[in-house]
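J.: structure of the sequence below:
(one chain, ligands or ions: 2)
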Amino acid sequence: MSDTIATSGARAALTLRGVHKSFGDAHIIRGVNLELREGERHAVIGPNGAGKSTLFHLISGQFQPSSGQITLGDRPIQGMDARAINRLGMARSFQITNIFPGLSVFENLRFGVMRRHGLQYTFWKRISRSAGVTHETEQLIEQLRLGRHRDTLGGELSYSEQRSLEIGMALASDPAVLLLDEPMAGMSREETEYTVGLIRDLTAGRSLMIVEHDMEVVFSLSDRISVLVYGEIIATGTPDEIRANVQVQEAYLGTEVTA
Ligand SMILES: Nc1ncnc2c1ncn2[C@@H]1O[C@H](COP(=O)(O)OP(=O)(O)OP(=O)(O)O)[C@@H](O)[C@H]1O
Ligand SMILES: [Mg+2]
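T.: Residues are numbered from 1 along each chain as shown. Ligands and ions are numbered 1, 2, ... in the order given. Here you go, the predicted model:
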């Protein structure tokens with residue numbers, strides 16, 4: 001029991017204990033302890049190649065840890081495959097966009113909504129016309145501010161709209177934990193500001209872990225931040241604590257943070 005209770009008293013949505021990952025001789029994740037509290041937005045930052053995406057792959061089951069424990073709520077999930085972990089309430093976006101380009105916005109999101117209901121593929125054709133699924137899909141389209149693109153093909157959206165759609169697909173499953181890996185990568189300043197606002201709205205009250213390089217975004221969006229350097233978490237804290245952390249400044253942030 002005590003394992004699932006954060007020191008603050010908030011419950012842990014996701015806990016990593018002593019997680020390691022090696023590829024052959026390369027020891028990439030080197031004993032990570034990390035806790036995502038229920039309802040918090042938690043950023044993982046660190047230099048290129050630090051192991052951030054690898055960590056997300058371990059959490060979501062794309063990779064299996066070499067050792068260590070990963071717990072979703074109270075439930076150990078290390079060793080499970082990605083599909084099983086997804087069914088237990090973990091949703092993620094990837095560093096590259098991952099939508100169905102040949103389906104409309106509505107169809108993409110309806111797919112996500114239907115998946116949440118765990119509907120058998122053979123029943124989808126019938127169920128897809130159900131009023132409940134349609135209503136939930138329409139609501140999601142509004143939340144994503146994609147109303148005018150309801151019938152646009154995913155592949156014809158702008159890049160930032162595609163990323164919004166991808167986040168919507170992840171949210172359609174109403175996940176207990178949402179992982180976003182660089183959702184603003186490749187966006188202009190305006191697109192970034194727009195998408196940050198969207199993520200803020202969409203993730204209110206949710207448990208979010210996000211990898212992001214843009215420090216302005218990280219410090220404005222996060223309740224807490226963990227800093228990963230060469231496969232180790234060197235600090236976890238509030239934005240103010242991370243800004244003030246000398247070790248973090250030396251290892252990674254340098255003048256960016258004090259500016
Ligand atoms: N499947 C793999 N096999 C071997 N090495 C890998 C594999 N996946 C990742 N790595 C290595 O693990 C290290 C961490 O990569 P990872 O992609 O997790 O970094 P990252 O922190 O996400 O970097 P970035 O900020 O550039 O996205 C890199 O040195 C990478 O080459
Ligand atoms: Mg990465």
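J.: who does the host helix or strand of residue 209 pair up with?
T.: Here residue 209 sits within strand 207-211, counting by DSSP states H and E. Sheet pairing of strand 207-211 (DSSP bridges) gives strand 41-45 (parallel), strand 177-181 (parallel).
J.: identify the residues contacting the next helix or strand after it?
T.: Following strand 207-211 in sequence order, the next helix or strand is helix 215-221 (DSSP H and E). By CB atoms under 8 Å, 6 or more residues apart in numbering, the surrounding residues in contact with helix 215-221 are 41, 43, 45, 184, 192, 196, 199-200, 210, 212, 225, 239, 243, 253, 256-257. The C-beta positions use only the backbone N, C-alpha and C, and glycine is treated the same way.
J.: quick check: residue 201 is in a helix.
T.: Yes: checked against DSSP: H, G, I helix; E, B strand; the rest coil, residue 201 lies within a helix.
J.: what's around the residue lying closest to it once chain neighbours are set aside, how many residues?
T.: Spatially, and ignoring its direct neighbours in sequence, residue 201 is nearest to residue 143 (7.3 Å; CB to CB, 6 or more residues apart in numbering). Neighbourhood size, residue 143 [other CB atoms under 10 Å]: 15.
J.: residue 143 and ligand 1: what is the separation?
T.: Note on residue 143: its distance to ligand 1, by CB to the nearest ligand atom, to the nearest Å, is 28 Å.
J.: quick check: that residue touching residue 199?
T.: No: assessed by CB atoms under 8 Å, residue 143 is found out of contact with residue 199, at 11.5 Å.
J.: in the chain, which residue is most central in space?
T.: residue 179 (1.3 Å; CA atoms, centre = their mean).
J.: quick check, that one in contact with residue 89.
T.: No: with contact defined as CB under 8 Å, residue 179 does not reach residue 89; the gap is 11.6 Å.
J.: need phi/psi at residue 227.
T.: phi -110, psi 120 (degrees, to the nearest 10).
J.: backbone phi and psi for the closest residue to residue 11 other than its chain neighbours, please?
T.: Excluding its sequence neighbours, the residue lying closest to residue 11 (CB to CB, 6+ apart) is residue 38, at 4.8 Å. For residue 38, the backbone dihedrals are phi -60, psi 130 (criterion: degrees, to the nearest 10).
J.: likewise for residue 36?
T.: phi -100, psi 120.
J.: same thing with residue 26?
T.: Per degrees, to the nearest 10, the backbone of residue 26 is at phi -90, psi 110.
J.: what's the pLDDT at it?
T.: Looking at residue 26, its pLDDT reads 97.
J.: can you check the one 5 residues further on too?
T.: For residue 31, the model assigns a pLDDT of 98.
J.: and residue 160, by the same measure?
T.: 91.
J.: dump the residue contacts of it.
T.: Neighbouring residues of residue 160 by CB under 8 Å, 6+ apart: 187-188, 191, 194-195.
J.: tally of neighbours for the spatially closest residue to residue 206 that is not a sequence neighbour?
T.: Leaving aside its sequence neighbours, residue 206 sits nearest to residue 178 (CB to CB, 6+ apart; 5.9 Å). Neighbour count for residue 178, taken as other CB under 10 Å: 26.
J.: now do residue 84
T.: There are 12 residues near residue 84, going by other CB under 10 Å.
J.: does it touch residue 61 like I think?
T.: Yes: contact status for residue 84 versus residue 61: in contact at 7.0 Å, counting by CB under 8 Å.
J.: thanks again, I'm all set now.
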